[in-house]
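Visitor: Quick one, structure for this:
(chains A and B)
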Amino acid sequence: MMGRVRIAGQMIYRTQILMMVLVLIVAAWMAAGEIYEAAIQIPGHGESAALVLVGLNVLCSWLLVFNLAAVLHDVRELRLPQQRQLLSVGGILIFVFVVVLPCALVWSLNGAARDVFMIAVGAAFGSAGAALWRRRLRARSAPAEWAAVAAGVHSGQVQIPSPWRAVRVALGPPFAPTSWQRRAVQAALLCVMIASAPILTLLYERSPNPPIVTWLLYTGEFLGFLVAISFCWAWPVSRLLAILSPQSGAPTELALLPGLGSATQQLRRLLLVALGLPFAGLMLLLVAALVLASLQHTQHGIYLKLILEFLVIPLITLPFLAGQLNQPQKAGAWSGLILISSQTWTVLVWSSIWNLGTVRTAAGHQLAMLAGGLVLIVVILIVGFSTYSLRKFLRRPHPFVEGAS
Amino acid sequence: MNAVSATDGNDVHDFPAICRSIRKRFGGRTVLNDVSIAIPKGAVFGLVGRNGAGKTTLMRILVGLLMPDCGSAIILDEPALQMTDAAKTRLGYVPQSPETLSWMTVENMLQFVGGFYPRWDSEYMWNSLMRWNITPSQRLSKLSPGERQRVALIRVLATCPELLILDEPASALDPVARRDFLREIALRAGEAGMTVLFSTHIVTDLERVASHVCFLHEGKLLLNTGMDDLKDTHARLSLSREAAAGLSERLPGEIARRRRPDGGMSIVLTRQALAPWPSAALTSGATLEPMNLEDLFIELTDHPGAGWFRR
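Guide: Now for the predicted structure:
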């Protein structure tokens, strides 16, 4: 009984917040509309004003959806009648406030169709972000619900896990089995990270914008890729390093669990699972980067640079991985280092500093040769160290058994 | 009783865990030096040693998680480094700090692991979770060290192992949980014939449940005997200053000697069962007293180069 009273009180409080948010949104839009109307009169500043509107709509839709979802959650908890109608009304309310009204406002102010489209896209991003955030909060308050799905087991029924599944579970997220909804959310998040900044760049780069906007667009593009690389490569690889660290009991668990096959099979499974996902993610990013470069009509040399950049990432990570496999150490600091070091080349790749084809002078040639030689030495060292570590690791009787001194 | 000689004349199948002449070095430091132990079937074998004595290393070698530099380990009649699935289902091992699968909830982890063991006892699992007041929906990473240790013990006991190897299993448990756990161990060993090897610092735990005890110090075995024999075969000889003055030679069966601040001497003696104590024990100013396990452990290990007399 007390619980229902508490939820009812909470719902009333949240409804008031929702009302305040609605009032704030209306006021903010009116002000933004005024600015937009004035800005589109000035040549070269219409796009900046449109970007402000998109940003505002992302924020407004986030606030609205987050608060409305909280109220609807309370309604469900209280088991109030006519929930479906309430849900429909809520959905319509969101659609009107974050899509219809802002688009209508921009349209009525003689805004471009492109701006109307971008405002609608902004609403979708904001709403998706709020929904994800709500989901995260709920998962935190009820961890069992999420983890039960993730592990693919439910109380009362014991499944016999396959050896592949055991390795994935031992590695934990993002390798662990999870629901298709969660995978879809992760994929959508990745797409948003990779695509949002490039789409904006493609739409606005040819317009006469102030330099700051162009700079922001390119920075956003770069940061988007940085986050995507950490999501696709650094996160899975750091998971592998973490389970091989001395603090982790996962190797012990895997070594002693029955039914996982021979040592060779276990090693093959571990490496395929642990490296398959990050490599697939990296390839996906490379394809996305090449498509982006093609769409932006950049110079042809960029393709080669991009491929080199994506080769550098695993090449730099390899010695850390091999060293960790051979002699497990604390992994916490390594994961961050891998991400940072794998990105040190990015600036050189994207900028024109590292463009050997344009070097004309003799001194420049010598410098280029020296740089090339240094790079070659580093690569030889990396490959040599990695080979040494891997050979030592492969001499073990079992991948999870520490070798003789 | 020498560990390896324990198997002499007996069937090797009567010893679920045997290690022979194990030697292990880390860097330049010898952690285990020619250690041989044979654990009899159904025994509760307590391994006692100070920090860094090599207990964990010995256990990891025994379960095949660490390769020795020299010597061999046999577990459930198979080489520890090439254990088959059949042997793995009969073996339970709890490391010192169980950190496995910490991203999962207690229930999910136990259900997942249980899937691999044909003799998994779900009823025991649920009863133990309830008895030890552990929320099944709690994520393992959020549990206290004590709770995590309890979960690890539930996890290993629910597999109904024939050989249980526990690395300081009670170090993070509160006194009530520790007593509960020790009772469970004694019950399993007594009723189901489970063999247990456990390491501990808490010597009173050993006295409560262990049938055999083994002292490991600086990588060497100092003592390896049955608990019942211990009181009959070991004693402390206290000599007054006058009696100590006339004693320069090493006594038969002497394993440690310490000079007291009052000038007297304290000597730890051992003998074969029913053999007489040395004659020095019968002189005036000499008192022979039985030793408990803790006293014996301290006498043997709390000075550098402890146990050299024995070698």
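Visitor: switch to C-alpha atoms for all contacts and neighbour counts from now on
Guide: Will do.
Visitor: just checking, what packs against the helix or strand where B:Asn127 lies?
Guide: Under the criterion of DSSP states H and E, B:Asn127 resides in helix B:122-131. In terms of contacts (3 or more Cα pairs under 8 Å, 6 or more residues apart in numbering or on different chains; DSSP states H and E), helix B:122-131 is packed against helix B:145-157.
Visitor: Which residues outside the helix or strand following the helix it packs on are in contact with it?
Guide: Sequence order places strand B:163-167 as the next helix or strand after helix B:145-157, per DSSP H and E. By Cα atoms under 8 Å, 6 or more residues apart in numbering or on different chains, the residues outside strand B:163-167 that reach it are B:16, B:55-56, B:59, B:76, B:90-96, B:194-200.
Visitor: immediately after strand B:163-167, which helix or strand?
Guide: Going C-terminal from strand B:163-167, and assigning secondary structure by DSSP H and E, you next hit helix B:175-187.
Visitor: Between helix B:145-157 and that next one, find me the angle.
Guide: Interaxial angle, helix B:175-187 versus helix B:145-157 (axes from the mean of the first three to the mean of the last three Cα atoms, to 10 degrees): 10 degrees.
Visitor: so A:Arg168 makes contact with A:Ala176?
Guide: Yes - A:Arg168 is within contact range of A:Ala176, at 4.7 Å (criterion: Cα atoms under 8 Å).
Visitor: that older thread, how far out from the middle of the chain is the helix holding B:Asn127?
Guide: 27 Å (Cα atoms, centre = their mean, to the nearest Å).
Visitor: Which ones among the contacts of strand B:163-167 map onto helices?
Guide: Judged by DSSP state H, these include B:55-56, B:59, B:90 as members of helices.
Visitor: in the chain, which ranges drop under the pLDDT threshold?
Guide: Went with chain A since none was named. A:1-13, A:43-48, A:80-81, A:138-160, A:204-210, A:246-247, A:298-301, A:328-360, A:402-405 (pLDDT under 70).
Visitor: Chain B is the one I meant
Guide: Using pLDDT under 70, chain B drops low at B:1-12, B:303-311.
Visitor: How about the residues of it by chain A?
Guide: B:24-27, B:64-69, B:81-82, B:84-86, B:88-89, B:95, B:98-101, B:103-105, B:107-108, B:111-117, B:137-139 (Cα under 8 Å from any Cα of the partner chain).
Visitor: Buried ones among those?
Guide: B:24-25, B:64-68, B:81, B:84-85, B:88-89, B:95, B:98-101, B:103-105, B:107-108, B:111-117, B:137-139 (16 or more other Cα atoms under 10 Å in any protein chain shown).
Visitor: Can you tell me which of these end up in helices?
Guide: Per DSSP H, the subset of these in helices is B:85, B:88-89, B:107-108, B:111-114.
Visitor: Tell me which stretches of the stretch 201-350 of chain A form helices.
Guide: A:211-229, A:235-243, A:250-256, A:263-295, A:301-326, A:332-342, A:346-350 (DSSP state H, counting those that start in this stretch).
Visitor: Please convert the ones you listed to JSON lines, extending it with mean neighbour count.
Guide: As requested, the helices of the stretch 201-350 of chain A are exported to JSON lines (neighbours: other Cα atoms under 10 Å in any protein chain shown):
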{"stretch": "helix A:211-229", "mean neighbour count": "17"}
{"stretch": "helix A:235-243", "mean neighbour count": "23"}
{"stretch": "helix A:250-256", "mean neighbour count": "22"}
{"stretch": "helix A:263-295", "mean neighbour count": "16"}
{"stretch": "helix A:301-326", "mean neighbour count": "19"}
{"stretch": "helix A:332-342", "mean neighbour count": "17"}
{"stretch": "helix A:346-350", "mean neighbour count": "16"}
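Visitor: Including distance to A:Ile194, could those helices go into a markdown table?
Guide: Shown next, in a markdown table, are these (distance: least, Cα to Cα, whole Å):
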| stretch | distance to A:Ile194 |
| --- | --- |
| helix A:211-229 | 5 |
| helix A:235-243 | 16 |
| helix A:250-256 | 33 |
| helix A:263-295 | 8 |
| helix A:301-326 | 15 |
| helix A:332-342 | 17 |
| helix A:346-350 | 16 |
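Visitor: wait, which of these is closest to B:Asp229?
Guide: helix A:250-256 (34.8 Å; Cα to Cα).
Visitor: Ignoring the adjacent residues along the chain, who's closest to residue 193?
Guide: No chain in the question, so chain A it is. Leaving aside its chain neighbours, A:Met193 sits nearest to A:Gly224 (5.2 Å; criterion: Cα to Cα, 6 or more residues apart in numbering or on different chains).
Visitor: let's do chain B instead
Guide: In space, B:Gly193 is closest to B:Gly42, 4.7 Å off (Cα to Cα, 6+ apart).
Visitor: can you name the farthest residue from the center of the chain?
Guide: No chain was given, so I picked chain A. A:Ala362 (44.4 Å; Cα atoms, centre = their mean).
Visitor: Wait, chain B was what I had in mind.
Guide: Farthest-from-centroid check, chain B (Cα atoms, centre = their mean): B:Glu242, 39.3 Å.
Visitor: these two touch, right, B:Val35 and B:Lys24?
Guide: No - if you go by Cα under 8 Å, B:Val35 and B:Lys24 don't touch, sitting 9.5 Å apart.
Visitor: A:Leu137: neighbouring residues, count only.
Guide: 11 (other Cα atoms under 10 Å in any protein chain shown).
Visitor: ah, wrong one, I meant B:Ile154
Guide: 21.
Visitor: picking that back up, my reading is that the residue farthest from the centre of chain B lies in a helix. Confirm?
Guide: Yes - B:Glu242: assigned to a helix according to DSSP: H, G, I helix; E, B strand; the rest coil.
Visitor: my guess is it contacts B:Gly285, does it?
Guide: Yes - in this structure, B:Glu242 is within contact of B:Gly285 by Cα under 8 Å, at 7.5 Å.
Visitor: Let me see the residues that make contact with stretch B:76-90.
Guide: Counting by Cα under 8 Å, 6+ apart, A:256-259, A:261, A:397-398, B:12-13, B:15-17, B:61-65, B:67, B:72-75, B:117-118, B:159-163 sit against stretch B:76-90.
Visitor: and if we set it to 7 Å?
Guide: Contact with stretch B:76-90 is made by A:256-259, A:397, B:13, B:16-17, B:62-64, B:73-74, B:117, B:161-163, as judged by Cα atoms under 7 Å, 6 or more residues apart in numbering or on different chains.
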